[in-house]
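Colleague: Output the structure for:
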Amino acid sequence: MSLPKPVETLWNELQAVRAEVLREVQGLSQRQTDWKPSPEVWSVGEIIDHLTLAEIATGKLTTKLTREAAAGGTLAPWPANLTTFAPLPPDPPGPADAPPVVRPSSGKAIGELIATMRATRERSRQSVEKLGTVDPRALRFNHFRLGDLDLAQWWQLQTRHDGIHLAQIRDVKRARGFPKA
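Modeller: Here you go, the predicted structure:
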């Protein structure tokens, strides 16, 4: 499916940062995947699980918002004059505590984590294609830290979110005591 230019750009950004995440975890042993530099810091495995859970939640939000708008007769098609998305608001200062729906589990096999992450991204393509057929500006939902976001901003947030946790994965791998294998 051909995507409108802003959606195509968004998809390419999603794919680029996800490729970086996958490169960082490629070849890690289970011991490395489960290792934590301290009790309050997530392991690489927990980070991967969290990223996947967050993306699943955004896909579900896409379905929810588009279905509700369609049922209410307010689902508008992609506007030809929409050439750029509203920017995301800046992140508030300080650390964030993940909502329960996206809190990771520990001890999952690295192969399972990567396979689930890849399968989730394949399903996300359908959500992004749906985004390219509707006016995302009227499809809004409140984010626990950023406030009211439209559907395109929710997907932009996935890119930012992967980038934040990519840096966290790199920090864990550089931490003193990270297992050699």
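Colleague: Going by C-alpha atoms from here, please, whenever you check contacts or count neighbours.
Modeller: OK.
Colleague: Hmm, Ser106 is touching Glu46, no?
Modeller: Yes - assessed by Cα atoms under 8 Å, Ser106 is found in contact with Glu46 at 5.6 Å.
Colleague: Compare the two (neighbour count), which wins?
Modeller: Between Ser106 and Glu46, Glu46 has the larger neighbour count (other Cα atoms under 10 Å), namely 23 against 16.
Colleague: what helix or strand is the more buried one on?
Modeller: Element membership of Glu46 [criterion: DSSP states H and E] is helix 44-71.
Colleague: go on, Arg176?
Modeller: Residue-wise, Arg176 maps onto no helix or strand under DSSP H and E.
Colleague: Now do the same contact list for it.
Modeller: Pro37 (Cα atoms under 8 Å, 6 or more residues apart in numbering).
Colleague: Please apply the same query to the one 4 residues further on.
Modeller: With Cα under 8 Å, 6+ apart as the criterion, the residues that contact Lys180 are Gln32.
Colleague: That one sits in which helix or strand?
Modeller: Short version, using DSSP H and E: Lys180 is in no helix or strand.
Colleague: Now do it, the pLDDT please.
Modeller: Looking at Lys180, its pLDDT reads 94.
Colleague: Cheers, nothing more for now.
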